[in-house]
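Student: Okay, here's the prediction I keep looking at, along with the sequence it came from:
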Amino acid sequence: MRTGVFFCQLDDQWKIDIDAIAKYSANLPDVEAVLNLGVKPQLKADTLSDRIKSGNLDRIVIAGDMPGYYKPVFTKAMAITGGNVDEVRLASFQEHGAKNGKTLDRAKAIVACAAIGVPFSLAAVPGGNPVNHATLVIGAGIAGIQASLEIANAGKQVYLVEQTGTIGGHMAMFDKTFPTLDCAACILTPKMVDVGQHDMINLMTMSKVVSIGGKPGSYRVKIKHKARRVDIDSCVACGLCVDACPIKVESEFDAGISFHRSIYIPFPQAVPNAYLIDEESCRYVTTNGEKCGNCIKKCPKDCIHLDEEDKISDIEVGNIILATGYELLDVGKIEQYGYGKYPNVLTSLEFERLTNASGSTGGRIVTKVKKQNRKTKEESWVFSEEGLPPRSVAIIHCVGSRNKKYNAYCSRVCCMYSLKFAHLIKEKIPNVNVYEFYIDMRAFGKGYEEFAERIKEEGTFVIRGHSASVDMKNDQMIVRGEDIFNDRLVEFDVDMVVLAVGLIPTAGNEELSRMLGVKRDSDGWFSELDYNGNPTDTDRGGIYVAGMCQAPKDIPDTVAQASAVAAGVLGSLTSGKGIGNLSSLSLSDIETKAKTIHML
Amino acid sequence: MAIRVNPSYIDILDKFGAEDVQLCYQCGDCSTVCSHADDAFKFPRKSMRQLQMGLEEKIETSLEPWLCYYCGQCSEQCPRDADPGETMMSLRRWLISRYDITGIAAQFFKSRANEIVTVISIAILTGVYLVFYGISGGSLQVYDGEGAFLPSSFIHVFDLIIGGIMFLFLWLGALRMWYFTMVKGMSIKVPWWLYFQKLYEVPLHFLTQKRYAECEDNDKKKIHMPWLIHFGLAMGYTFMIVIIMLFIEPFQAGPEIRWSLHIFGYLATIGLLSGCIYFISHRIRKSSYVQYKKTHSTDWMFVIMLLIIVVSGILQHIFHRIGLLEWANITYVIHLMTVVPWFLRMPFSKWAHLAYRPLAMYFAAIQKAAFARQEKLVDSLSVTIK
């Protein structure tokens, strides 16, 4: 059938390279004429019919954004020439998703289908690949845990990969959740234990994805397991090894406000409940086994193997869930708040660990005290049980968030956890003054506004106005701000400042996105396929996002998204198709499919 | 009293340079870092808000823009890049045009072409007049005394007339400023004796520019260059005005140097010239200091004219001393061709700062005292609230 392809568009919203598509379509079978009529052409049926006649065309394809606008004039032209008006076909770019950057190949496929005479939606059916029933979950915070449990409880195999020595992520560090003030650990630890004991979950801590190959439905993943140097199965976490260890390091789990030995367990409820070696500080490891090794002698179960080496394993999975979470912005670079300069300026995570009952002060909120190292005579500020509780605390919102110099976006959780901090301080210290400096109070969730009102009623000074300076005068910290509602400049003496630091994507996201071919947005968060319609899928088939790694969100939203991801994964496993989405199809896939249908 | 809102106020101010004010989301960081904001005068945030809301009258009657010396700290840490420092500068430009009854200032600030055309026409008119005068009564070979091209006795009268016009407009502006800020904008009555009590503020701020020095970040440098330059420029300018208005006849006479008088002229020249060079180099580099990153068209006009005046003044002085009298007369004409539009332009340009800012300090001190007095009065009333 002699086919003519006419490009005409109502607008050029997606900046599609028409010339490239025209070249491509000229090589399609049966295409005799290709013509680019430009944007918003004024068409006349007479001239068009002349063209159809001169080309002796039997089929016409009108290609472009919203080409239906020009269908009447082409139909009329076809009628004038005496051809079959049913052979005026549309190749609508926008309708079939040739937009948002993946335009060119999709547009070509759309034109090809129309030229061959097969409806695009018939030719472009995603999936159909056999799906491996195992799922890889990257990151074992609350999002990874929730998604793993949902899938594993449905009887499917899950590989849960976690970089640190324990699962739990940031939520395990928290004291209370907002706005219900539930104990975070009481919600999380049962789930963690479930994960640790589940038959269908293969938990890999201290592990990292190093490479990914394959295609949707069957990804081949290489995972590097860092040597834990303690046997998980036989360690009973008795703690005898700790007393023998001479090295002290800052605790990552305690946000750096306390210390642990080189052999340690991140926290008592850690899963897997076994010790591990910090290889960067361990004297045995750093000296290549020449010194120390005290812990081996103390261990009654002989489960410490300091010479253990890193291992690499290969697995094959059908779906991958990204749940890599977030980090705090480096607040040291925002100088005016004096973080790192004044001892009692804390980040939100540090305060979270301070007020946590499992923290180094047993949950007492105290200011730091000066301590001298017995050997080096160096003085440092540390939290200890002897510290005095602060008489007044300033909590500053939006530190690095909503700021064009750092994060332009709102980190979404800071307002609420800052209010929670105010409550915890008021609850634990009598007669304390708490000042909240905020720009806009973003209490957007169920029960959040009521929570904010409650905090105000409890007597916290909630000041509409951001503070930009923390100063020290005669050993007294001073916070300046503008109280906009009361129209005055305020200056408060405070003993502690808590900074509600903005959130940024984890550093490893960049590497992962390169490995997986998943896009990230301008702020570095993983891009979802469609913000409203497909908030859990990515534009790579069979790869999903859950939790903070997609965008800042609170715990309820994270859990909800993790469960939604599990539903998507399980759906693909039961149906055996629907892996991902249209964009997982290549141009040649669609072309071949269209030709097969045409032959039938 | 109801307040009238001008919805297009933000657009008007856009032309005066406040381009980013709509970005402001009222966090108050700028007021926090400002070393001049206090409980009586809170800015820049409040002024930004008034501007966003179109409260033209509030701004018109406010002193806040004048209390800002544009150190740029607020703009440096503004999370929204709304540039509060430049906004305050733009408000000052707008206030100058508001104080001016002729409407010339507004035209100058809004359109560079208008300003250039006006300045050049005045310069040409002046030049033609001076050449005509010189040819009709004297000779190009004589610089001073009998038969001079531009005799100093004539220049003296000429200067006084030009200066008189300048001061007339400046005082009209000052009067309007007083009316806006101290009468129209005051909710309470200001006792007359406060005007005398606080009078020392005018010379204090005029001579020392000390509030500008307070802007400095004490941690960083010992000597605050922007303040020093600002101070030198203001002093040089004042010295020069006094010399040419009152002592032009002995000043122009020569060729011998009268150190008792000329030393002041040299000092003033150093102040003006270093200021000029400093401003030009910083505006070209657009670095180091926030306020130089944005340059309003009138800012260039200012430095270029000043540079011509200073350089032609220096050349004329040198030519006269080394005996090149023709050249001395020619540079004199060029000098005056720039000086006349410069003086006439002053009440309508940024230079009006020199007069309005010390006045604003003076008025601000009076207002503070008046409010303090009012508070005392209210406190002394025995009212028991139960």
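Tutor: Noted; the coordinates are in hand.

Student: Please make it C-alpha for all contacts and neighbour counts, starting now.
Tutor: Will do.

Student: Now stretch B:21-40: average pLDDT?
Tutor: The average pLDDT for stretch B:21-40 rounds to 91.

Student: same thing with stretch A:408-416?
Tutor: Here the average pLDDT along stretch A:408-416 is 95.

Student: Find the nearest non-adjacent residue to A:Phe120, please.
Tutor: Nearest-residue entry for A:Phe120: A:Cys113, 5.5 Å, with adjacent residues in sequence omitted and distances by CA to CA, 6 or more residues apart in numbering or on different chains.

Student: name the element that neighbour belongs to?
Tutor: Using DSSP states H and E, A:Cys113 sits within helix A:103-116.

Student: Show me how chain B divides into domains.
Tutor: B:9-99, B:104-370 (automatic domain parsing).

Student: give the contact list for the residue of chain A found nearest chain B.
Tutor: Closest contact between chain A and chain B, by CA to the nearest CA, is at A:Asn403 (4.2 Å). Contacts here follow CA atoms under 8 Å, 6 or more residues apart in numbering or on different chains; on that basis A:Asn403 touches A:409, B:78-80.

Student: Which elements pack onto the next helix or strand after the helix holding A:Cys113?
Tutor: Helices and strands here follow DSSP H and E; after helix A:103-116, the next one along the chain is helix A:120-123. In terms of contacts (3 or more CA pairs under 8 Å, 6 or more residues apart in numbering or on different chains; DSSP states H and E), helix A:120-123 is packed against helix A:103-116, helix A:587-599.

Student: Touching the first one from outside, list them.
Tutor: When contacts are defined by CA under 8 Å, 6+ apart, helix A:103-116 is touched by residues A:3, A:5, A:14, A:16-17, A:21, A:24-25, A:28-29, A:31, A:59-61, A:63, A:89-93, A:96-98, A:119-120, A:123, A:586-587, A:590-591, A:594-595, A:598.

Student: Check what pLDDT the residue nearest to A:Phe120 gets.
Tutor: For A:Cys113, the predicted pLDDT is 87.

Student: cool, and A:Lys577?
Tutor: 61.

Student: same thing with the one 5 residues further on?
Tutor: A:Leu582 is assigned 60 on the pLDDT scale.

Student: on that earlier part again, so how far is the helix holding A:Cys113 from its chain's centroid?
Tutor: Distance, stretch centre to chain centre, for helix A:103-116: 33 Å (CA atoms, centre = their mean, to the nearest Å).

Student: Now do that helix against helix A:587-599: the angle between them, please.
Tutor: Taking axes from the mean of the first three to the mean of the last three CA atoms, to 10 degrees, one finds helix A:103-116 and helix A:587-599 inclined to each other by 10 degrees.

Student: Tell me the residues of the stretch 1-150 of chain B that contact chain A?
Tutor: B:26-33, B:38-39, B:42, B:78-81 (CA under 8 Å from any CA of the partner chain).

Student: B:Leu261 against B:Phe251, yeah?
Tutor: Yes: here B:Leu261 lies in contact with B:Phe251, judged by CA atoms under 8 Å, at a distance of 7.1 Å.

Student: Now the closest residue to chain A within chain B: closest residue in space, sequence neighbours ignored.
Tutor: Nearest residue of chain B to chain A: B:Pro79, at 4.2 Å (CA to the nearest CA). Leaving aside its sequence neighbours, B:Pro79 sits nearest to A:Asn403 (CA to CA, 6+ apart; 4.2 Å).

Student: Report the secondary structure state of the one you found.
Tutor: Under DSSP: H, G, I helix; E, B strand; the rest coil, the three-state class of A:Asn403 is coil.

Student: Give me the pLDDT for it.
Tutor: pLDDT, A:Asn403: 93.

Student: Could you check how far the residue nearest to A:Asn431 when sequence neighbours are not counted is from A:Gly363?
Tutor: Leaving aside its sequence neighbours, A:Asn431 sits nearest to A:Arg391 (CA to CA, 6+ apart; 7.4 Å). Counting by CA to CA, to the nearest Å, the separation of A:Arg391 from A:Gly363 is 17 Å.

Student: Below-threshold pLDDT in the chain: ranges please.
Tutor: Here I'm looking at chain A. A:99-103, A:125-129, A:576-585 (pLDDT under 70).

Student: look at chain B instead
Tutor: Using pLDDT under 70, chain B drops low at B:1, B:216-224, B:286-298, B:382-386.

Student: In contact with residue 61, which residues are there?
Tutor: If you meant another chain, say so; for now it's chain A. By CA under 8 Å, 6+ apart, the contact list for A:Val61 reads A:3-6, A:88-91, A:111, A:114-115.

Student: meant chain B, my bad for not saying
Tutor: B:Thr61 neighbours (CA under 8 Å, 6+ apart): B:180-182, B:184-185.

Student: Now with 10 Å, please.
Tutor: B:95, B:177-186 (CA atoms under 10 Å, 6 or more residues apart in numbering or on different chains).

Student: Phi and psi next, for it.
Tutor: Phi and psi for B:Thr61, reported as degrees, to the nearest 10, are phi -100, psi 10.

Student: The residue of chain B closest to chain A - that's part of a strand, no?
Tutor: No: using three-state DSSP, the assignment for B:Pro79 is coil, not a strand.

Student: pretty sure it is in contact with A:Lys405, am I right?
Tutor: Yes: assessed by CA atoms under 10 Å, B:Pro79 is found in contact with A:Lys405 at 6.5 Å.

Student: higher neighbour count, the two?
Tutor: B:Pro79 (26 against 14; other CA atoms under 10 Å in any protein chain shown).

Student: Just the helices from the stretch 301-450 of chain A, written as ranges.
Tutor: A:348-355, A:414-428, A:448-457 (DSSP state H, counting those that start in this stretch).

Student: any idea of the angle the longest one forms with helix A:448-457?
Tutor: Using the same axes, to 10 degrees, the inter-axis angle of helix A:414-428 relative to helix A:448-457 is 40 degrees.

Student: Say whether chain B is contacted by helix A:414-428.
Tutor: No: judged by CA under 10 Å from any CA of the partner chain, helix A:414-428 stays clear of chain B, getting no closer than 14.3 Å.

Student: Okay, buried residues for that helix please.
Tutor: For helix A:414-428, burial by neighbour count (16 or more other CA atoms under 10 Å in any protein chain shown) applies to A:414-426.

Student: export these to JSON lines and tack on distance to A:Val271?
Tutor: Shown next, in JSON lines, are these (distance: CA to CA, whole Å):
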{"residue": "A:Cys414", "distance to A:Val271": "28"}
{"residue": "A:Cys415", "distance to A:Val271": "31"}
{"residue": "A:Met416", "distance to A:Val271": "28"}
{"residue": "A:Tyr417", "distance to A:Val271": "26"}
{"residue": "A:Ser418", "distance to A:Val271": "29"}
{"residue": "A:Leu419", "distance to A:Val271": "30"}
{"residue": "A:Lys420", "distance to A:Val271": "27"}
{"residue": "A:Phe421", "distance to A:Val271": "27"}
{"residue": "A:Ala422", "distance to A:Val271": "31"}
{"residue": "A:His423", "distance to A:Val271": "30"}
{"residue": "A:Leu424", "distance to A:Val271": "27"}
{"residue": "A:Ile425", "distance to A:Val271": "30"}
{"residue": "A:Lys426", "distance to A:Val271": "33"}
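
Student: of those residues, closest to A:Arg520?
Tutor: A:Cys414 (22.9 Å; CA to CA).

Student: where does the residue lying closest to the closest one once chain neighbours are set aside land in three-state SS?
Tutor: Closest residue to A:Cys414 apart from its sequence neighbours, by CA to CA, 6+ apart: A:Ala500 at 5.7 Å. Classification of A:Ala500 by three-state DSSP places it in strand.

Student: Around chain B, pick out the residues from the stretch 201-350 of chain A.
Tutor: So far as CA under 10 Å from any CA goes, the stretch 201-350 of chain A lies against chain B at A:334, A:336.

Student: Repeat that for the stretch 401-550 of chain A.
Tutor: Residues of the stretch 401-550 of chain A lying near chain B (CA under 10 Å from any CA): A:401-408, A:437-440, A:464-469, A:479-484, A:487-491.

Student: Drop anything exposed from the residues you listed.
Tutor: A:401-403, A:406-407, A:437-439, A:464-469, A:479-484, A:489-490.
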